[in-house]
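>>> Just the structure for this:
(chains A and B)
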Amino acid sequence: MRTAAAVFLRLLIGGLFLWAGLSKLGSPLQTLAAVYSYQIVLPDLLASLVAAALPWMEILLGAALLAGIWLPVATGWTATLLLFFSVMTAQAWWRGLPMDCGCVDLSVLHPALAALTTPGGATLRNMVLLVLTALLAALARKKAAA
Amino acid sequence: MVPLIARILFFPLASLALGAAYQAVHPEGLWTLRAGQKAHDDGFERVAWTEVQPKISSGEWLLVDARDEDQFAAEHIPGAVSLPAASYEEMLLFFAEEHGREKPVVIYCGTEDCEMSAELALRLRDEAGLSRIRILEGGILAWRRTR
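Numbering: from 1, shown residues only, chains lettered A, B, ... in the order given. Sure, this is the predicted structure:
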């Protein structure tokens, strides 16, 4: 049961991250615009580095989770990213910023999921994924200890 | 057996390396362009709405709508002034006198690929002597997406 749950979570979170990273690769300027849209004071160079590295971080983490390799480190970094995303989208939501979160658009799965790209929806989604990632980390640790 | 510290550092360092390499080869890569802006063959930089909005709100930049007057009357970005791309030269000169030739202007039109913005940008530069001209990336659609 635990193994099945862990596999499900790996596929879900890993798949989402891989999809998110790959969807950003074709439009580096849009990714950069999304970074700026959070209206956090950032030097241009740092914003560019974030926009350049973020898609690849998502791809590498997604691939690691899907393949089930280096799980403790991969889940740790995934949780760190999700925590960071949650803080960023939450502050945008709180400030009422009219912005596109730069998140993967899930409305291709169901039109109602388009709400998850708003600051509020994205914050909720990131926090749910953070909880699921923590659960995956716990399951992976239990399996390693067994 | 890869040490733990190496595994931890692998993800951010590999991401930075891959990101830098990818941006260097991508035709619209960030390293070939000024961050947040885009140079086209027409020589005018494109700027994202997220960069334009605060500058329009503060009055630092002037937003110009290049579409015809009927389209402007139906809908326009708040704060924009109408200056159709097909305006007589006298209108462009009057615009330059009224707003000054040094004030940065950002021009938009109706869609992602419409040519009126570039057309007006060229005319303002060549006929009216303006020098600080940019074009809003995505046109009025970029503003609509944020509503």
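>>> roughly how far apart are B:Gly110 and chain A?
Noted for B:Gly110: a distance of 20 Å to chain A, by CB to the nearest CB, to the nearest Å. For the C-beta atoms, the positions are set from N, CA and C on the backbone; glycine is no exception.
>>> Three-state assignment for that residue, please.
coil (DSSP: H, G, I helix; E, B strand; the rest coil).
>>> likewise A:Leu60?
A:Leu60 ends up helix, using three-state DSSP.
>>> and whichever residue of chain B sits closest to chain A, what pLDDT?
Among the residues of chain B, B:Gly19 lies closest to chain A, at 3.5 Å counting by CB to the nearest CB. Here, the pLDDT recorded for B:Gly19 equals 92.
>>> Counting residues, which helix of chain B comes out longest?
When chain B is parsed with DSSP state H, its longest helix is helix B:4-25.
>>> Name the residues of that one that are buried.
B:7, B:10-11, B:15, B:18-20, B:22-23 (16 or more other CB atoms under 10 Å in any protein chain shown).
>>> In which helix or strand does the closest residue to B:Arg7 other than its chain neighbours reside?
The shortest distance from B:Arg7 to any non-neighbouring residue, by CB to CB, 6 or more residues apart in numbering or on different chains, is to A:Val73 (4.4 Å). Counting by DSSP states H and E, the element that carries A:Val73 is helix A:71-95.
>>> And for that helix, what's in contact with it?
Contact with helix A:71-95 is made by A:10, A:13, A:17, A:37-40, A:57-58, A:61, A:64-65, A:99, A:101, A:118-120, A:122-123, A:126-127, A:129-130, A:133-134, A:136-137, A:140-141, A:144, B:4, B:7-8, B:10-12, as judged by CB atoms under 8 Å, 6 or more residues apart in numbering or on different chains.
>>> do that again at 6 Å, thanks
A:38, A:61, A:64-65, A:99, A:101, A:119-120, A:122-123, A:126-127, A:129-130, A:133, A:136-137, A:140, B:7-8, B:11 (CB atoms under 6 Å, 6 or more residues apart in numbering or on different chains).
>>> How about stretch B:102-119?
So stretch B:102-119 is contacted by B:42, B:52, B:61-64, B:66-67, B:85, B:120-121, B:132-136, B:138-140 (CB under 6 Å, 6+ apart).
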